[in-house]
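In: no sequence on this one, just coordinates:
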């Protein structure tokens, strides 16, 4: 003898257990029987929203369209260490030296952890500080706007998630038509209005309607509810109205001290190229919430973007005190130990990631490099074999490049050249591989091929200072002193403390007047 379970109670249970599809199906049946059932409508709306929910507190990549249509002014001549345009990259400024740590196309040192926003640069904020270099770098990929370079717009992921959510409707159309609703009526009913606002933001992506609903609801609650002001800030941010978003979020923070408001305000400051303002927000919030890991990570990311290496490391260590299994902190500390010539320490951290279940081609590649430089040659090549077996098309060029570095370390230059050729074949814009391939060709006496590879590398990855220096050195040896002077100036613009470039420039300055 069975007993029937209340479908609304069952749908609520499914929602609580994150079984959203089953919850939507139960609510759809209930709404067919009674279209005015507000509980079923509430549960279905909430389930569809949670199914499409994303954490939008992270700093995201700016798309090509965002770069073209951005009307916010950024300081063109900022002081070093106060802007993302001029991070501290010298040893005197506390930053990582490009000689010891590879740099990204935005002129920032590799952090060891891929996160949104770290590979992008605003116009004028690339390592070379030339106008338009950020946009030209964004368009250099073989498929602009795809994963090989950067997205077309920041809302590209919203479109992808939104189209999938439409299948939740019974008749194939959207569950809620926000354009046809009387938003004033919903604003007077806070519980339904909150669910509807999240649906419009995360599923329908109709920012104008979400802003309208939030404005009505804010008026209804006499401007005292921080939640509605925060949603207005989200809508303004997605519409590109950053200053209006900042005003709403600051007003919400006055009503209620919430960590999420600090993250969103800091995200706006970073978007406006005001990293010191973001640091101030994070530090003030961290004093009020000393055990919040997100605030410490936010500070560490900004310090890394500014080139403040020691401050970032200290914050990552504080994160591990609070959460010993934080993947980002472990990966960043491991990368820093590796580039600080402590591969044994880096190996311990990467092994910890493996024990935590973080298994991918990048981890095995890093383990292979750590084993090689730590002298554990018997394990090194096994790690690279695992990396190659697990790698996708995007990771393969870097793996072959690193294997080429190992081949140079053991003295097998022929094998190294083959590895660099494979890396270039998989990614024609791999500047580091083109540079090393050119150096090996110089050793073989193939000067014309080397010069061609250096030119290709400079065009594809002008943030690699070694390409400019090697081009200058080759031009100097071939008697083209003017080209050598131009290239060595480019190398010094990227790495002002590079001694070999300074010495070459001194020789060129002494020889050119004599001609």
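Out: That came in fine, so what should we check first? The model shown is predicted, which means the values in this text are computed figures rather than measured ones.
In: Which pLDDT value goes with residue 322?
Out: Predicted confidence (pLDDT) for residue 322: 95.
In: Does it touch residue 290 like I think?
Out: No - using Cβ atoms under 8 Å, residue 322 is not in contact with residue 290, being 9.3 Å away. From N, CA and C alone the C-beta is placed, and that goes for glycine too.
In: buried sites along stretch 233-250?
Out: 233-238, 240-242, 244-246, 248-249 (16 or more other Cβ atoms under 10 Å).
In: Then stretch 427-442?
Out: 427, 429-442.
In: Likewise for stretch 479-498?
Out: In terms of neighbour count (16+ other Cβ under 10 Å), stretch 479-498 has its buried residues at 480-481, 483-485, 487-488, 490-492, 494-495, 498.
In: of all these, which comes closest to residue 339?
Out: residue 495 (15.0 Å; Cβ to Cβ).
In: Pretty sure that closest one sits against residue 464.
Out: No - the pair residue 495 and residue 464 does not pass the contact test of Cβ under 8 Å, sitting 10.0 Å apart.
In: from what I can see residue 311 touches residue 305, true?
Out: No - when contacts are counted by Cβ under 8 Å, residue 311 is not listed as touching residue 305 (11.5 Å).
In: Between the two, tell me which one has more neighbours.
Out: For residue 311 versus residue 305, neighbours defined as other Cβ atoms under 10 Å are more numerous around residue 305 (22 against 17).
In: pretty sure that one is in a helix, no?
Out: Yes - assessed with DSSP: H, G, I helix; E, B strand; the rest coil, residue 305 lies in a helix.
In: Residue ranges in the protein under the pLDDT threshold?
Out: 1-3, 59-112, 114-173, 514-515 (pLDDT under 70).
In: Quick check: the farthest pair among the buried residues of stretch 233-250?
Out: The span of the buried residues of stretch 233-250, defined through Cβ to Cβ, is set by 240 and 249 at 15.2 Å.
In: which one among the buried residues of stretch 427-442 gets closest to residue 361?
Out: residue 427 (14.5 Å).
In: Mind checking which of the buried residues of stretch 233-250 are in helices?
Out: Using DSSP state H, the subset of the buried residues of stretch 233-250 located in helices is 233, 234, 235, 236, 237, 238, 242, 244, 245, 246, 248, 249.
In: Mind putting those into JSON lines with distance to residue 221?
Out: Formatted as JSON lines, these follow (distance: Cβ to Cβ, whole Å):
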{"residue": "233", "distance to residue 221": "16"}
{"residue": "234", "distance to residue 221": "17"}
{"residue": "235", "distance to residue 221": "17"}
{"residue": "236", "distance to residue 221": "19"}
{"residue": "237", "distance to residue 221": "21"}
{"residue": "238", "distance to residue 221": "23"}
{"residue": "242", "distance to residue 221": "25"}
{"residue": "244", "distance to residue 221": "19"}
{"residue": "245", "distance to residue 221": "20"}
{"residue": "246", "distance to residue 221": "21"}
{"residue": "248", "distance to residue 221": "14"}
{"residue": "249", "distance to residue 221": "17"}
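In: Look up the closest residue to residue 194, ignoring the ones flanking it.
Out: residue 227 (7.0 Å; Cβ to Cβ, 6 or more residues apart in numbering).
In: any idea which element the one you found lies in?
Out: Assigning secondary structure by DSSP states H and E places residue 227 in helix 226-238.
In: Packing partners of that helix?
Out: helix 190-199, helix 207-220, helix 242-255, helix 259-271 (3 or more Cβ pairs under 8 Å, 6 or more residues apart in numbering; DSSP states H and E).
In: what's the angle between it and helix 259-271?
Out: 20 degrees (axes from the mean of the first three to the mean of the last three Cα atoms, to 10 degrees).
In: Buried residues in stretch 333-341, which are they?
Out: 333, 334, 335, 336, 337, 338, 339.
In: next one: stretch 397-409
Out: 397, 398, 399, 400, 401, 402, 403, 404, 405, 406, 407, 408.
In: Likewise for stretch 37-52?
Out: Those buried within stretch 37-52 under the rule 16+ other Cβ under 10 Å are 37, 40-49, 51-52.
In: re the thing from before, most tightly surrounded among the helices and strands packed on helix 226-238?
Out: Burial of the helices and strands packed on helix 226-238 is given as mean neighbour count (mean count of other Cβ atoms under 10 Å); helix 259-271 ranks first at a mean of 22.
In: Touching that helix from outside, list them.
Out: Contacts with helix 259-271, where a contact means Cβ atoms under 8 Å, 6 or more residues apart in numbering, come from 57-59, 62, 72, 84, 117, 226, 230, 233-234, 237, 242, 245-246, 249-250, 252-253, 275, 277-278, 281-282, 285, 289, 292, 294-295, 298, 302, 305.
In: at 6 Å what do you get?
Out: 57, 59, 242, 245-246, 249, 252-253, 277-278, 281-282, 285, 289, 292, 298 (Cβ atoms under 6 Å, 6 or more residues apart in numbering).
In: Give me the distance from it to the chain's centre.
Out: Using Cα atoms, centre = their mean, to the nearest Å, the mean C-alpha position of helix 259-271 is found 15 Å from that of the whole chain.
In: after that helix, next one along is what?
Out: Taking DSSP H and E, what comes next after helix 259-271 is helix 275-288.
In: Pull out the buried positions in that following helix.
Out: 275, 277, 278, 279, 281, 282, 285, 286.
In: cool, and stretch 493-513?
Out: 494, 495, 498, 501, 504, 505, 508.
In: just checking, the fourth one touches residue 488?
Out: By that I understand residue 501. Yes - the criterion here is Cβ atoms under 6 Å, and residue 501 meets it with residue 488 at 5.3 Å.
In: if I pick the residue lying closest to residue 249 once chain neighbours are set aside, what's in contact with it?
Out: Leaving aside its sequence neighbours, residue 249 sits nearest to residue 233 (Cβ to Cβ, 6+ apart; 4.0 Å). When contacts are counted by Cβ under 6 Å, 6+ apart, residue 233 touches 245, 248, 249.
In: Can I get the residues you listed in CSV including distance to residue 369?
Out: Listed next are the contacts of residue 233 as CSV, based on distance: Cβ to Cβ, whole Å:
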residue, distance to residue 369
245, 42
248, 47
249, 42
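In: Quick check: residue 416 vs residue 434, distance?
Out: 14 Å (Cβ to Cβ, to the nearest Å).
In: scratch that, residue 239 is what I was asking about
Out: Distance of residue 239 to residue 434, given as Cβ to Cβ: 41 Å.
In: One more: residue 276?
Out: 37 Å.
In: ditto for residue 317
Out: Where residue 434 is concerned, residue 317 sits at a distance of 37 Å (Cβ to Cβ).
In: Ok, residue 393 next?
Out: Applying Cβ to Cβ to residue 393 and residue 434 gives a distance of 19 Å.
In: and if you look at residue 204?
Out: 46 Å.
In: tally of neighbours for residue 320?
Out: Residue 320, neighbours per other Cβ under 10 Å, totals 17.
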